[in-house]
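A.B. asks: Predicted structure and sequence below. I'll ask about it afterward.
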Amino acid sequence: LVKYQKYRRVLPKRIIFYRDGVSEGQFKKVLDEERPRIAEAYKSFGTNFKPTITIIVVVKRHHVR
């Protein structure tokens, strides 16, 4: 975020996280544990900075031939 702000001179309105290596049973854990940590990290930029956060979990394992 620091580099983005330095280059663009503004903070982003949206932040997209791509998350890999998460099994279906861990989806809730990612949301419950990682999302609050992400929110805590961007609070250091001030109370007016509230970007839309999107977390995309990439699942590669499938049983389709």
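C.D. replies: Happy to help now that I have it.
A.B. asks: can you tell me the helix or strand for residue 40?
C.D. replies: Residue 40 belongs to helix 35-42 when assigned by DSSP states H and E.
A.B. asks: List the buried residues for whatever helix or strand comes next after that helix?
C.D. replies: Once helix 35-42 ends, the next helix or strand along the chain (criterion: DSSP H and E) is strand 52-58. If you call a residue buried by 16 or more other CB atoms under 10 Å, then strand 52-58 has these buried ones: 55, 57. From N, CA and C alone the C-beta is placed, and that goes for glycine too.
A.B. asks: Bridge partners for the most centrally placed residue in the chain, pull those for me.
C.D. replies: Closest to where the C-alpha atoms of the chain average out (CA atoms, centre = their mean) is residue 17, at 3.6 Å. For residue 17, the beta-bridge partners under DSSP bridges are residue 55.
A.B. asks: residues contacting it?
C.D. replies: Shown in contact with residue 17 (CB atoms under 8 Å, 6 or more residues apart in numbering): 34, 38, 53-56.
A.B. asks: quick revisit: could you list every helix and strand in contact with the helix holding residue 40?
C.D. replies: In terms of contacts (3 or more CB pairs under 8 Å, 6 or more residues apart in numbering; DSSP states H and E), helix 35-42 is packed against strand 14-20, strand 52-58.
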